[in-house]
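K.L.:
coordinates for the following, if possible.
(one chain, ligands or ions: 1)
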Amino acid sequence: MLFSGGQDSTTSLFWTLRKFKKVYALSFLYGQKHAHEVDLARQIAEEADVEFQLMDTSFIASLAGNSLTDSSVVMDKEVIPGNLPNTFIPGRNLFFLSIATVFARERGVSDLVTGVSQTDYSGYPDCRDSFIKSLNVTLNLAMEEQFVIYTPLMWLDKTETWALADELGIFNLIRSRTMTCYNGLPADGCGECPACKLRQRGLENYLALKNKK
Ligand code: ZN
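P.N.:
Below you'll find the predicted structure:
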């Protein structure tokens, strides 16, 4: 499974552990400014007792500039429908999933899991269901295999993702240990960037729903 140590991929990791006996967690260095997210990911993977692998794909940052890898690019504060925010990293999920699939194939694994979602997504085309399904077909053709890419969060909004974390018994771990923030702050983050706002809104909605019950 593709594992960054953020809210979505950590929730997906524990979903994966419920479904599969042997799990590999793959993290990627892609030239991100906040590379310590990898250390947070490694710690969570160790505690979850899954094998952690770090892939160096830092060439991605040299291909195209964006605000997550280049400190000189000022981050877009809002997501404007129809516009790609400059936190988008062209090809990122294409590269990651392709590499993960080769890794899996070498180990006789045909099931892949990624925490992408198109419900509350940030306008990234490579988080959409059509892209994942298309890539799944392409990877099968590329390697003459029958891979299955699972996307447990695809149709969940952030409120439902918090609910799933709670159901999996990892609500506190997600809240206090994962890093979603574009400014590199774990847990509740900076509270200002689009990723924090999305996470926070989902959390508030979920807590309000829970208190009503
Ligand atoms: Zn933030």
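
K.L.:
and Leu97, which of the three is it?
P.N.:
Three-state call for Leu97 (DSSP: H, G, I helix; E, B strand; the rest coil): helix.

K.L.:
with Leu164 instead?
P.N.:
Classification of Leu164 using three-state DSSP returns helix.

K.L.:
tell me, how many residues neighbour it?
P.N.:
20 (other CB atoms under 10 Å). In short, each C-beta sits where N, CA and C put it, glycine included.

K.L.:
who are the contact partners of it?
P.N.:
Counting by CB atoms under 8 Å, 6 or more residues apart in numbering, Leu164 makes contact with Thr11, Trp15, Pro152, Leu153, Leu156.

K.L.:
pretty sure the second one contacts Val113?
P.N.:
Just to be clear, that refers to Trp15. Yes: contact criterion CB atoms under 8 Å: Trp15 and Val113 qualify, at 7.4 Å.

K.L.:
joint contacts of those two?
P.N.:
Common contacts of Trp15 and Val113 (CB under 8 Å, 6+ apart): Pro152.

K.L.:
sorry, back to before: can I get the contacts of Leu164 in a markdown table including distance to Gln32, secondary structure and neighbour count?
P.N.:
Formatted as a markdown table, the contacts of Leu164 follow (distance: CB to CB, whole Å; DSSP: H, G, I helix; E, B strand; the rest coil; neighbours: other CB atoms under 10 Å):
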| residue | distance to Gln32 | secondary structure | neighbour count |
| --- | --- | --- | --- |
| Thr11 | 20 | helix | 26 |
| Trp15 | 24 | helix | 21 |
| Pro152 | 24 | coil | 22 |
| Leu153 | 21 | coil | 27 |
| Leu156 | 25 | coil | 20 |
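
K.L.:
can you list these in JSON lines and add pLDDT and distance to the ion?
P.N.:
What follows is the contacts of Leu164, written out as JSON lines (pLDDT from 0 to 100; distance: CB to the ion, whole Å):
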{"residue": "Thr11", "pLDDT": "98", "distance to the ion": "18"}
{"residue": "Trp15", "pLDDT": "98", "distance to the ion": "24"}
{"residue": "Pro152", "pLDDT": "98", "distance to the ion": "24"}
{"residue": "Leu153", "pLDDT": "97", "distance to the ion": "19"}
{"residue": "Leu156", "pLDDT": "96", "distance to the ion": "21"}
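
K.L.:
quickly check these for the two that are furthest apart.
P.N.:
Farthest apart among those by CB to CB are Trp15 and Leu156. That separation is 10.5 Å.

K.L.:
contacts for the helix or strand bottoming out on mean pLDDT in the chain, please.
P.N.:
Lowest mean confidence among the helices and strands of the chain (mean pLDDT, DSSP states H and E): helix 59-63, at a mean of 82. With contact meaning CB under 8 Å, 6+ apart, helix 59-63 is reached by Tyr30, Gly31, Gln32, Thr69, Asp70, Ile89, Pro90, Gly91, Arg92, Phe95.
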